[in-house]
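Undergrad: Curious how this folds, go ahead:
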Amino acid sequence: MKVIKLEVGQIGTNCYIVFCEETKEAAVIDPGGSEGEILRIIAREKLKVPYIINTHGHADHIEANSKIKQATGAAILIHQQDVNMLIDSRSNLSAFFGNGIVTDPADRILSDGDTIDIGSTIHFTVLHTPGHTQGGISLLAGKVLFSGDTLFAESVGRTDFPGGSYQQLLKSIKEKLMVLDDDVQVLPGHGPGTTIGWERKMNPFIQ
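TA: Prediction:
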């Protein structure tokens, strides 16, 4: 599995292009803008992109969905409880910032425990981790966790937006993420990467 990280959009959301080096099949996780840069990397690496995966439906994680889909034919995947955020600018919060972002609707609706296969080597397990949004997910592939806006390096996602719940977020982190091995790498939706072991010891929100 190869992972290319980009900071995209106006607030520097982490977008990840994850691909199988054997088949050149890829998933684009959270294309929150900067579609030109994302597409240049896809072309440079000669990738086929069957999936766009949104860890949740806020505008800064979905903005480039439609343009990436149009260019690659990729299906858009999101959890059931965030599906409306793709097509409703109030739900995804962009209406409140004056830019009214909407995208193509979901092609596949995800649930906890689903699997997503990329090429011959990448097998994601969907972990439903609500709290930042009701449909927030994390994606686990081997020893790598894409945590969206659930878990950050020594921090956690905001819960003051509509649909957020601090208690629910902590429950998600403790029951779904803190049960993973210490050496699992965490690649979050914003900021630097970390590990489960480091967060278990150092994250002040989950002690």
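Undergrad: okay, which residue is most central for this protein?
TA: Thr55 (3.1 Å; Cα atoms, centre = their mean).
Undergrad: Strands of the chain, start to end?
TA: Applying DSSP state E to the chain gives strands spanning 2-8, 13-19, 25-29, 48-53, 75-79, 108-110, 115-118, 122-128, 137-141, 144-148, 151-152, 155-156, 185-188, 194-195.
Undergrad: residues in contact with the residue nearest to Val3 when sequence neighbours are not counted?
TA: Counting by Cβ to Cβ, 6 or more residues apart in numbering, Val3 lies nearest to Val18, which is 5.2 Å off, once chain neighbours are set aside. For the C-beta atoms, the positions are set from N, CA and C on the backbone; glycine is no exception. By Cβ atoms under 8 Å, 6 or more residues apart in numbering, the contact set of Val18 is 1-4, 26-29, 118, 122, 141, 146.
Undergrad: Quick check: ChimeraX command selecting the buried ones in those residues.
TA: Buried members of the contacts of Val18 can be picked out in ChimeraX with the line below, counting by 16 or more other Cβ atoms under 10 Å:
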select :3,4,26,27,28,29,118,122,141,146
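Undergrad: quick check, nearest of the contacts of Val18 to Thr13?
TA: The closest of those to Thr13 turns out to be Ile29 (Cβ to Cβ; 10.3 Å).
Undergrad: Hmm, the closest one is touching Thr13, no?
TA: No: using Cβ atoms under 8 Å as the test, Ile29 is too far from Thr13 to be in contact (10.3 Å).
Undergrad: List the beta-bridge partners for Ala141.
TA: Note on Ala141: beta-bridge partners by DSSP bridges are Val144.
Undergrad: From Ile53, how far off is it?
TA: As for Ala141, its distance to Ile53 is 11 Å (criterion: Cβ to Cβ, to the nearest Å).
Undergrad: what is in contact with the two at once?
TA: Phe124.
Undergrad: residue contacts, Pro105?
TA: Residues counted as contacts of Pro105 (Cβ under 8 Å, 6+ apart) are 76, 83, 86-87.
Undergrad: ok, now Pro192?
TA: Neighbours of Pro192 in contact, by Cβ under 8 Å, 6+ apart: Ala153.
Undergrad: Could you tell me the phi and psi values at it?
TA: phi -80, psi 160 (degrees, to the nearest 10).
Undergrad: sorry, back to before: now that we have the contacts of Pro105, which of them are buried?
TA: Counted by 16+ other Cβ under 10 Å, the contacts of Pro105 give 76, 83, 86 as buried.
Undergrad: check contacts around the second one.
TA: Going by Cβ under 8 Å, 6+ apart, Val83 touches 57, 105-106, 109, 135.
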